[in-house]
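**Student:** generate a structure from the sequence data that follows.
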Amino acid sequence: LGALDTIVGYVLRQPNSRNRNSFEYGCPDGPATEPVQVFDATDNSFLLDLLEFVVDAQSRDNERPDGIDHFYIPSVRGADAMHLMNLTLSAYHMTGDEAYREFFEEVLLRDIRAAEMVSTSAAFNVPLWCRSYYGHHIAMAPFWTLLRLLEPSELRTYLETQLYLENWLKEMSDMDNSKFNFIFAGEVSVEESASARAEALSEGLDALEHFIGYHGIPNSPRRDYARDYLQVLSLIDETDIVPVCPTEDERALCEDGYTLFGVTIPGEPITFECRGDAGECVLGERCARPMASDALPVQARGYADFLWQRNPFKMSEPGDGNRQSPGVDYIEAFWLARYYDFIDAGDGQVLAWEAVGTCAE
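**Tutor:** Alright, predicted model coming up:
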């Protein structure tokens, strides 16, 4: 990456009230193969032009004539490379338009070397206290789709291997994430991953079995009741999981930020004024919340809108019981397990209305 002299990005422009008369609403003939904007690092205006682009990319509700809703930079970001490969192959399979196949083979694979970039997907991970668990989740399904769109080939084998080496070994092996585990166990077949797939399947099935309501009540709705540190501690009493505190290096990496390929990434606070709460981690004059040394069992985790995209190490969760999970996190994992014949629960059954009379009766 350090030897690259060109970085390629793709943007989704935002139609808004500031560009009604200038926005191009028509459909192009195919994916863009020529740049519509070039930032030359040798130009005197480079930093100003780059700053303007950054502001456009963050416009969202603050409308700008050249506002950007989304962007991918496949030449330096492994997940972006995977997303673009998936989107391009999906478009080709849905339309049969050769422009997408050519873009996939000649631009993404040959020119940008997108498949090779996937091997950097988990090259840099930050500590538990400031990691983005949402980011892992939004890459799962596209990677799954990409693999399923590919015929048996050298490319597919290579990408299966990266799902094992990058996503499983470096990111997901300690998260007890049923959705990812079933994708990994069901789609990857490279020989070196055999023991890991068996482990993933076992952990995924165990988590699915214990994915039940509050206080361990089967079929009870999962609501956002508060779950405090001592309660979670009691739920892991008979496991090997223990609370851990951030080291000074981890605190600094989270809060002070870091520089990656010359770009400064700002930090985010993980410490606060000490309150004397149970389990507080004392770091000098400030405190931090402890995390679990391994992913908490699902029955010990707090409420989540979608469990697989939230922090599995968090040992406390506020709440008042007024929100209820829609249950899609369980549904997706369940049907992945059914699809791959990992389970047979409900096989041969359907839901149907049973006529029992009318309200008047």
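
**Student:** what ranges do the helices span in the stretch 201-350 of the chain?
**Tutor:** With DSSP state H, counting those that start in this stretch as the criterion, the stretch 201-350 of the chain has helices at 229-235, 248-256, 328-339.

**Student:** for residue 280, find the nearest of those.
**Tutor:** Closest approach to residue 280 among these is made by helix 229-235 (8.9 Å; CB to CB). (C-beta placed from N, C-alpha, C; glycine too.)

**Student:** for the closest one, what is the distance to the chain centroid?
**Tutor:** Mean C-alpha position of helix 229-235 versus that of the full chain (CA atoms, centre = their mean, to the nearest Å) differs by 27 Å.

**Student:** just stretch 32-43 next, same as before
**Tutor:** 29 Å.

**Student:** count the neighbours of the nearest residue to residue 334 once chain neighbours are set aside for me.
**Tutor:** Using CB to CB, 6 or more residues apart in numbering and skipping the chain neighbours, the partner closest in space to residue 334 is residue 208 (6.6 Å). If you count neighbours by other CB atoms under 10 Å, residue 208 ends up with 21.

**Student:** residue 138 contacts residue 308, doesn't it?
**Tutor:** No. If you go by CB atoms under 8 Å, residue 138 and residue 308 don't touch, sitting 10.6 Å apart.

**Student:** so between these two, which is more surrounded?
**Tutor:** In this view residue 138 and residue 308 are compared by other CB under 10 Å, and residue 308 has more residues nearby, 26 against 12.

**Student:** how does this structure divide up, domain by domain?
**Tutor:** Domain assignment of the chain by automatic domain parsing yields the ranges 1-120, 221-325.

**Student:** so which of the ones you listed is nearest residue 333?
**Tutor:** Nearest to residue 333, of the domains of the chain and by CB to CB, is domain 221-325 at 7.3 Å.

**Student:** just the strands in the stretch 1-150 of the chain please.
**Tutor:** Along the stretch 1-150 of the chain, the stretches classed as strands by DSSP state E, counting those that start in this stretch are 10-13, 68-72.

**Student:** and those as TSV, adding mean pLDDT and distance to residue 124?
**Tutor:** Shown next, in TSV, are the strands of the stretch 1-150 of the chain (pLDDT from 0 to 100; distance: least, CB to CB, whole Å):
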stretch	mean pLDDT	distance to residue 124
strand 10-13	90	22
strand 68-72	89	18
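
**Student:** now do the closest residue in space to residue 7 that isn't next to it in sequence against residue 142, distance only.
**Tutor:** Counting by CB to CB, 6+ apart, residue 75 is the residue found nearest to residue 7 once chain neighbours are left out, at 5.3 Å. Distance from residue 75 to residue 142, counting by CB to CB, to the nearest Å: 18 Å.

**Student:** and residue 188, by the same measure?
**Tutor:** As defined by CB to CB, residue 188 lies at a distance of 15 Å from residue 142.

**Student:** now do the contacts for the residue nearest to residue 334.
**Tutor:** 178, 330, 333, 334, 337, 343 (CB atoms under 8 Å, 6 or more residues apart in numbering).

**Student:** mind picking the two most distant members of those?
**Tutor:** Checking the contacts of residue 208 with CB to CB, the most distant pair is 330 and 343, at 12.5 Å.

**Student:** looking at the two, which has the bigger crowd around it?
**Tutor:** Higher neighbour count among residue 330 and residue 343: residue 330, with 20 against 17, using other CB under 10 Å.

**Student:** list the buried residues of stretch 39-47.
**Tutor:** For stretch 39-47, the neighbour count (16 or more other CB atoms under 10 Å) marks no residue as buried.

**Student:** roughly how far is that stretch from the heart of the chain?
**Tutor:** Mean-position distance between stretch 39-47 and its chain equals 33 Å (CA atoms, centre = their mean).

**Student:** can you list contacts of it?
**Tutor:** Applying CB under 8 Å, 6+ apart, the set of residues contacting stretch 39-47 is 49, 50, 53.

**Student:** tell me which residues are up against the longest strand anywhere in the chain.
**Tutor:** In the chain, taking DSSP state E as the definition, the longest strand is strand 317-324. Residues outside strand 317-324 that contact it (CB under 8 Å, 6+ apart): 221, 222, 223, 224, 225, 226, 227, 301, 302, 303.

**Student:** list the buried residues in it.
**Tutor:** Using 16+ other CB under 10 Å as the test for burial, strand 317-324 gives residue 317.

**Student:** partner strands of it, with direction?
**Tutor:** Strand 317-324 has these partner strands in its sheet, going by DSSP bridges: strand 223-227 (antiparallel).

**Student:** show me what the one helix or strand residue 157 maps to is packed against.
**Tutor:** In this assignment (DSSP states H and E), residue 157 forms part of helix 154-162. When contacts are defined as 3 or more CB pairs under 8 Å, 6 or more residues apart in numbering; DSSP states H and E, helix 154-162 sits against helix 114-117, helix 133-149.

**Student:** the first one: how far from the chain's middle?
**Tutor:** Translated: helix 114-117. With CA atoms, centre = their mean as the basis, the distance from the averaged C-alpha position of helix 114-117 to the chain average is 18 Å.
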